[in-house]
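Asks: With the sequence up front, the predicted model follows.
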Amino acid sequence: MYDTSISLGESVIGVLNYYGFGDILLTPFALFPERYIHYGYTLSIISRLYLAGAMFLLYMDFKGYRTIYSIIGALFYIFSPYTFVEGMLFHCYLTVVFVWLPLIMTGVEKVLKTSQPENTKK
């Protein structure tokens, strides 16, 4: 698991995942020629932001909010200052959180909704 020739003894799997080895959105990079790789990088950033907005809309639809409020919330969610400061610098592993957070919150809401006992009237 550890290799002293890379990253001062860090695990090989950890280093590969740090650089996006298991990320499905980085797979199309293999199709880009080396001189056009910056287009793939830009496409990867845009696709992550699009997926983050789509997942936020999915969560808001699950919560039952009106569509216009959901769209406004998704725009605020995608174009927050954190996205542009940290997300654009280290987009491979920081913008993934934007995609996963609404999905995790939807799952937690579903679990909480099913685990609550129903009120029975006597």
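Replies: Looks like it came in fine.
Asks: Give me the residues contacting the helix or strand where Thr106 lies.
Replies: Assigned by DSSP states H and E, Thr106 belongs to helix 96-115. For helix 96-115, the external contacting residues (Cβ atoms under 8 Å, 6 or more residues apart in numbering) are 23, 48-49, 51-52, 55-56, 58-59, 62-63, 77-78, 83, 87. C-beta here means a position set from N, CA and C on the backbone, and glycine is covered the same way.
Asks: give me the low-pLDDT residue ranges for the chain?
Replies: 1-22, 92, 119-122 (pLDDT under 70).
Asks: same thing but 90
Replies: Applying pLDDT under 90 to the chain picks out residues 1-49, 79-100, 113-122.
Asks: quick one, helices of it?
Replies: 12-18, 37-63, 67-78, 81-82, 91-94, 96-115 (DSSP state H).
Asks: and those helices as a markdown table, adding mean neighbour count and distance to Phe29?
Replies: Below are the helices of the chain laid out as a markdown table (neighbours: other Cβ atoms under 10 Å; distance: least, Cβ to Cβ, whole Å):
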| stretch | mean neighbour count | distance to Phe29 |
| --- | --- | --- |
| helix 12-18 | 13 | 14 |
| helix 37-63 | 16 | 5 |
| helix 67-78 | 14 | 22 |
| helix 81-82 | 10 | 25 |
| helix 91-94 | 16 | 11 |
| helix 96-115 | 13 | 16 |
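Asks: Can I get the ones you listed in CSV including distance to Thr27?
Replies: Formatted as CSV, the helices of the chain follow (distance: least, Cβ to Cβ, whole Å):
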stretch, distance to Thr27
helix 12-18, 14
helix 37-63, 10
helix 67-78, 22
helix 81-82, 26
helix 91-94, 13
helix 96-115, 14
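Asks: Having no further points to raise, I will conclude here.
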